[in-house]
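> Structure, please.
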Amino acid sequence: MQHQPELLDIAEAAAFLHVSRMSLRRWTNAGRLPCFRVGGRRERRFRRADLLAFLERSGAPTRATHQPEHLCGLYTSGSARERRLAAFLAEGLAAGGTCFLAVEPAVRVRVLARLARDWPATRAAARSERLVIARYARSPAEQLEWWEAGFATAARAVAGELHVVGDVSAGRLGRRGSFDDVLAYERAYEALSRRCGVTTTLCLYDARRLSGVEASRMLQVHADMLRHPAGALVS
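All right, here's what the predicted structure looks like:
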């Protein structure tokens with residue numbers, strides 16, 4: 001029988017669980033999955049026994065196919081929004097993926113400055129085609145068309161996972177559309193992202209502009225976030 005190493009690196013552990021490396025980083029940061037830190041770069045290592053125990057606790061089958069994650073983040077200040085955006089981009093770029101960023105131009109400048117300051121290792125990736133600046137379209141249909149074309153281009157140009165983060169509240173639909181229109185767009189986007197193989201999407205909303213009922217309905221549309229600790233998703 002071929003010997004199997006006791007400790008797996010993050011790529012091997014992600015393949016073992018059939019999830020993304022970004023999911024493993026979130027779970028270890030939240031304390032849901034133990035890991036060891038080795039070397040000067042403090043890289044993660046995982047024991048097979050811990051991975052199997054995690055599967056048993058979560059009830060996930062060992063041969064399951066990883067499904068894209070459609071998450072919702074709520075912020076209550078501009079600085080909180082910028083921190084969450086920069087952290088999400090840093091994770092995706094560090095994992096070797098392609099990241100899409102959809103925010104207003106002034107916010108984008110501050111986010112990229114924070115990314116360069118707090119995560120200097122991602123600076124080169126942020127200047128490359130692995131960071132795609134998305135635009136806000138005039139209608140939900142045009143926005144979905146832009147996403148589909150952008151995902152196809154990224155998949156051809158760069159290998160690796162696709163990660164998307166955007167401030168929905170600041171987009172044209174978020175500012176002018178009805179709340180039901182926003183929910184309908186979110187459902188259509190989720191179907192599109194799964195079809196296009198997007199790994200993780202984080203949709204940010206200004207909690208100050210949502211009523212309690214609206215926030216509840218929004219979280220129901222982003223059911224994936226219910227499997228994650230709230231602290232990793234809410235700014």
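
> Where do the domain boundaries of this protein fall?
Using automatic domain parsing, the domain parsing of the chain gives 7-58, 69-232.

> need those domains in a markdown table with mean pLDDT and mean neighbour count, can you?
For glycine as for every other residue, the C-beta is placed from the backbone atoms N, C-alpha and C. As requested, those are exported to a markdown table (pLDDT from 0 to 100; neighbours: other C-beta atoms under 10 Å):
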| stretch | mean pLDDT | mean neighbour count |
| --- | --- | --- |
| domain 7-58 | 83 | 16 |
| domain 69-232 | 87 | 17 |
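
> Which parts of the protein are helices?
When secondary structure is read from DSSP state H, the chain shows helices at 10-17, 21-29, 48-58, 78-94, 105-118, 123-127, 140-157, 172-176, 179-196, 212-221.

> helices and strands around the fifth one, which ones?
This points to helix 105-118. With contacts taken as 3 or more C-beta pairs under 8 Å, 6 or more residues apart in numbering; DSSP states H and E, helix 105-118 sits against helix 78-94, helix 123-127.

> so can I have CSV of the ones you listed showing distance to Tyr189?
Listed next are the helices and strands packed on helix 105-118 as CSV, based on distance: least, C-beta to C-beta, whole Å:
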stretch, distance to Tyr189
helix 78-94, 16
helix 123-127, 24
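
> Any chance of TSV for the helices of the chain, columns distance to Ile133?
Conversion of the helices of the chain to TSV gives the following (distance: least, C-beta to C-beta, whole Å):
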stretch	distance to Ile133
helix 10-17	27
helix 21-29	20
helix 48-58	35
helix 78-94	11
helix 105-118	7
helix 123-127	10
helix 140-157	10
helix 172-176	16
helix 179-196	18
helix 212-221	25
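
> I'd like to know which of those helices lies nearest to Leu204.
Taking C-beta to C-beta, helix 78-94 is the member of the helices of the chain nearest to Leu204, at 6.1 Å.

> From the centroid of the chain, which residue is nearest?
The centroid of the chain falls nearest to Thr200 when counting by C-alpha atoms, centre = their mean (3.9 Å).
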